[in-house]
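Engineer: Predicted model and sequence follow; I will ask about them next.
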Protein chains: 2
Amino acid sequence: MSQVLFGIDIGGNSIKFGLFDPDGGLLEKWQIPTDRSDSGAYIIQSAGLSVRAKCEERGIDSRGILGIGVGVPGTARPDGHVIRCVNLGWTEARNAAGEMSLLTGCENVKVGNDANLAALGEQFRGAARGADDVLMLTLGTGIGGGVISGGRLVTGAAFSAGEVGHIHVNDEEALRCNCGATGCLEQYCTVDGFVRVASRLLETFSAESLLRERAKSGAGFTVRDVFDLAKEGDQIADLAVTVGCGYLGRAAATCANILNPEVIVIGGGIAAAGEIILRKMKPDFEKYAFPDCRGARLVLGELGNDAGVIGAARLVM
Amino acid sequence: MSQVLFGIDIGGNSIKFGLFDPDGGLLEKWQIPTDRSDSGAYIIQSAGLSVRAKCEERGIDSRGILGIGVGVPGTARPDGHVIRCVNLGWTEARNAAGEMSLLTGCENVKVGNDANLAALGEQFRGAARGADDVLMLTLGTGIGGGVISGGRLVTGAAFSAGEVGHIHVNDEEALRCNCGATGCLEQYCTVDGFVRVASRLLETFSAESLLRERAKSGAGFTVRDVFDLAKEGDQIADLAVTVGCGYLGRAAATCANILNPEVIVIGGGIAAAGEIILRKMKPDFEKYAFPDCRGARLVLGELGNDAGVIGAARLVM
């Protein structure tokens, strides 16, 4: 059997896998639930076993695995150690690459931050194809960031670059962010953030809104409701999207002033809301971006949930 | 005669030169006034002639010049064209490297942004020695920025990375920055900025202050007065430094969240004020930096006015 690459994207709920040809072409993808028992002790093992099972199914021996890239929702060192990954329940540093090598017999295992790898994926096969200077923002339960400069991933001195969710965007905020500060982008432009912004607007303004009816009825509403109703012209929902995406535009402008990217890619689950995000972030992006840095193209990710596994495969190519 | 490198730092008022050995050791430095007549048409020529004169004086023929690095207060492309440099009066793009090559007979001429090169200089021989991830902020009439990531200069897609002076730091600002936006760091943390901050505080507060006496007498005051009096305990001057450096700390934190640098170097003319800048920027840096990115060392530049020529020489090593 021919030679292959694996890309693995480990999330809090599921582990996504991609099987790739040596040029990074996606041959097959699948996923398994993340086993979070015992502080996530079996996560790497279950991922490695899934790789082995796929190899047996396809008749690939360990010498046929050219590389395995692994994305984690935390901080990874170039030597393959994951030094911080509270989202998976890991309380101590783990040699994730070493464990994966033992399980699969493949020596070329690399580990990276999931948002960083999503950026790499979109640059390799998605919305940022051909660009050497890329900023990716992933909007979901939190905000991830990936920076590519001159074709290379920016990881930083402590491998913590791209913490764009903690850019300060609002001096008036009283509530604390998980990080301890107030007014972080992550307080507005996430699954919970948009709901909070909309709830506050319902308190402040008395305009009619389906969101208000849902809140009153006890059914509540989600970020998806906020975007769906905004598209239908619900005033409060529209304002909530304007506010949240306005902060996003401002934070993106700040990043652009520092990095001067060619493309800014918006990904993550919330990006499924579509072009409305770009339209709503653009005014504040243009307001706060320095003229020479304003040329960055604002685009939606093209790879959706596959960005992570594609970027992981790219990491070991 | 042995082989040499030249580093040249072209500023609005003076052109600084450094003669270096092939390892980047500074042998001699000198400067000439910047000839701004005819929209700066003769600036490159006068710099090239000064290099030639030095070569004649030292008996160096053109084959002995291993490289010439040139810093400009504007935007430079890797091919040596300066595409934007209003500070020198240049209204059109210029092939600065090509002109310098013709004048000196040296083919290895590279051109870069002056703040970028200052960062390279401090990394090579100054306060950021040994660090691969560096942020440099130069405080003067404007604010320059230089970013080094993984040992390489971050230039950006349009060679405009590092515009840290236009990071938004104040929602309350009514006055417009030169760039057209409001609340840019450059409105507070520069030669004019600190004076403006102090003047506003004099209007708002009635505390006694030597700054007030100077303003009333018509003598006025400078950024240097603000820092000198702050060190002597003048309340208004102290508050002005707290405000201006607070914004600096906030902007540095934003950069740290995106880039995760090991060292943040404060340079430029205002850095001569010393440790007070670091002390005053630290609280807001720590408040707004994400925990994983808070480890960056805040330091003053060590090379002063030489950072630019040393970085320029480094560029061609």
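Structural biologist: Nice, I can see it.
Engineer: Only C-alpha atoms from now on, for both contacts and neighbour counts.
Structural biologist: Will do.
Engineer: Settle this for me: residue A:89 is touching residue A:36, isn't it.
Structural biologist: Yes. Here residue A:89 reaches residue A:36: they are 7.0 Å apart, a contact under Cα atoms under 8 Å.
Engineer: how about the residues of the stretch 51-200 of chain A near chain B?
Structural biologist: Within reach of chain B by Cα under 8 Å from any Cα of the partner chain, the stretch 51-200 of chain A has these residues: A:132-133, A:149-150, A:154-164, A:166-168, A:171, A:179, A:181.
Engineer: Filter those down to the buried ones, ChimeraX style.
Structural biologist: The following ChimeraX line selects those of those that are buried, judged by 16 or more other Cα atoms under 10 Å in any protein chain shown:
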select /A:132,133,149,150,154,155,156,157,158,159,160,161,162,163,164,166,167,168,181
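Engineer: Out of the residues of the stretch 51-200 of chain A next to chain B, list just those in strands.
Structural biologist: Per DSSP state E, strands hold the following members of those: residue A:149.
Engineer: Buried residues in the helix or strand residue A:225 falls within, which are they?
Structural biologist: For residue A:225, the element it lies in under DSSP states H and E is helix A:223-231. The neighbour-count check on helix A:223-231 (16+ other Cα under 10 Å) flags A:223-227, A:229-230 as buried.
Engineer: between these, which is closest to residue A:30?
Structural biologist: Taking Cα to Cα as the measure, residue A:30 lies nearest residue A:224 of the buried residues of helix A:223-231, at 25.5 Å.
Engineer: So that closest one sits against residue A:272, correct?
Structural biologist: No. If you go by Cα under 8 Å, residue A:224 and residue A:272 don't touch, sitting 9.2 Å apart.
Engineer: since we're on residue A:2, how many residues are nearby?
Structural biologist: By other Cα atoms under 10 Å in any protein chain shown, 12 other residues sit near residue A:2.
Engineer: Quick one: classify the residue nearest to residue A:18 when sequence neighbours are not counted as helix, strand or coil.
Structural biologist: For residue A:18, ignoring the flanking residues on the chain, the nearest one in space by Cα to Cα, 6 or more residues apart in numbering or on different chains is residue A:29 at 4.4 Å. Classification of residue A:29 by DSSP: H, G, I helix; E, B strand; the rest coil places it in strand.
Engineer: isn't residue A:29 right up against residue A:16?
Structural biologist: Yes. Counting by Cα under 8 Å, residue A:29 touches residue A:16, with 7.4 Å between them.
Engineer: Between those two, point out the one with more neighbours.
Structural biologist: Neighbours per residue (other Cα under 10 Å) separate residue A:29 from residue A:16, with residue A:16 holding more: 23 against 15.
Engineer: what's the distance between the more buried one and residue B:228?
Structural biologist: Separation of residue A:16 from residue B:228 (Cα to Cα, to the nearest Å) stands at 60 Å.
Engineer: For residue B:232, see how far away residue A:120 is.
Structural biologist: Residue A:120 is 52 Å from residue B:232, by Cα to Cα.
Engineer: Kindly report the same for residue A:56.
Structural biologist: Where residue B:232 is concerned, residue A:56 sits at a distance of 76 Å (Cα to Cα).
Engineer: Same question for residue A:166.
Structural biologist: Distance from residue A:166 to residue B:232, by Cα to Cα: 36 Å.
Engineer: What of residue A:168?
Structural biologist: In terms of Cα to Cα, residue A:168 sits 33 Å off from residue B:232.
Engineer: Dihedrals phi and psi, the residue of chain A most remote from its centre?
Structural biologist: What lies farthest from the middle of chain A is residue A:206; by Cα atoms, centre = their mean that is 35.2 Å. The phi/psi pair for residue A:206 (degrees, to the nearest 10) reads phi -100, psi 10.
Engineer: OK, contacts around it?
Structural biologist: The contact partners of residue A:206, taken as Cα atoms under 8 Å, 6 or more residues apart in numbering or on different chains, number zero.
Engineer: Residue A:137 bridge partners, please.
Structural biologist: Residues in a beta bridge with residue A:137, per DSSP bridges, are residue A:145, residue A:266.
Engineer: and the gap between it and residue A:215?
Structural biologist: 30 Å.
Engineer: out of these two, which sits in the busier spot?
Structural biologist: More crowded of residue A:137 and residue A:215, by other Cα under 10 Å: residue A:137, with 28 against 14.
Engineer: mind checking how far that one is from residue B:217?
Structural biologist: For residue A:137, the distance to residue B:217 (Cα to Cα) stands at 53 Å.
Engineer: Around chain B, which positions in the stretch 201-317 of chain A sit nearby?
Structural biologist: Going by Cα under 8 Å from any Cα, the residues of the stretch 201-317 of chain A near chain B are A:254-262, A:287-293.
Engineer: Just say helix, strand or coil for residue A:18.
Structural biologist: Residue A:18 is classified as strand under three-state DSSP.
Engineer: Spit out the contact partners of it.
Structural biologist: Contact analysis of residue A:18 by Cα under 8 Å, 6+ apart lists A:6-8, A:26-30, A:309-310, A:313.
Engineer: Most widely separated two among those residues?
Structural biologist: Every pair of the contacts of residue A:18 checked by Cα to Cα; the farthest is A:30 and A:313, at 14.4 Å.
Engineer: which of these two has more neighbours?
Structural biologist: Between residue A:30 and residue A:313, counting by other Cα under 10 Å, residue A:313 is the more crowded of the two (36 against 12).
Engineer: which stretches of the stretch 51-200 of chain A form helices?
Structural biologist: A:96-104, A:114-125, A:191-204 (DSSP state H, counting those that start in this stretch).
Engineer: TSV for those, including mean pLDDT and mean neighbour count?
Structural biologist: Listed next are the helices of the stretch 51-200 of chain A as TSV, based on pLDDT from 0 to 100; neighbours: other Cα atoms under 10 Å in any protein chain shown:
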stretch	mean pLDDT	mean neighbour count
helix A:96-104	97	20
helix A:114-125	97	28
helix A:191-204	97	19
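Engineer: just checking, what packs against the longest helix belonging to chain A?
Structural biologist: When chain A is parsed with DSSP state H, its longest helix is helix A:235-259. Under the contact definition 3 or more Cα pairs under 8 Å, 6 or more residues apart in numbering or on different chains; DSSP states H and E, helix A:235-259 sits against helix A:191-204, helix A:223-231, helix A:275-288.
Engineer: roughly how far is the shortest one from the heart of the chain?
Structural biologist: In other words, helix A:223-231. Between the centre of helix A:223-231 and the centre of its chain there are 21 Å (Cα atoms, centre = their mean, to the nearest Å).
Engineer: Please apply the same query to stretch A:14-34.
Structural biologist: That offset, for stretch A:14-34, works out to 17 Å (Cα atoms, centre = their mean).
Engineer: check contacts around residue A:244.
Structural biologist: A:188-189, A:193-194, A:197.
Engineer: In those residues, find the pair that's most separated.
Structural biologist: Farthest pair in these, by Cα to Cα: A:189 and A:197, 8.9 Å.
Engineer: if we can go back for a sec, kindly reformat the contacts of residue A:18 as a markdown table and extend each row with pLDDT.
Structural biologist: Putting the contacts of residue A:18 into a markdown table (pLDDT from 0 to 100) gives the following:
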| residue | pLDDT |
| --- | --- |
| A:6 | 98 |
| A:7 | 98 |
| A:8 | 98 |
| A:26 | 97 |
| A:27 | 97 |
| A:28 | 97 |
| A:29 | 97 |
| A:30 | 98 |
| A:309 | 98 |
| A:310 | 98 |
| A:313 | 98 |
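Engineer: and which of those residues is nearest to residue B:51?
Structural biologist: Nearest to residue B:51 among these, with distances taken as Cα to Cα, is residue A:313, at 50.4 Å.
Engineer: Give me the distance from the helix or strand hosting the closest one to the chain's centre.
Structural biologist: Using DSSP H and E, residue A:313 sits within helix A:307-315. Distance, stretch centre to chain centre, for helix A:307-315: 12 Å (Cα atoms, centre = their mean).
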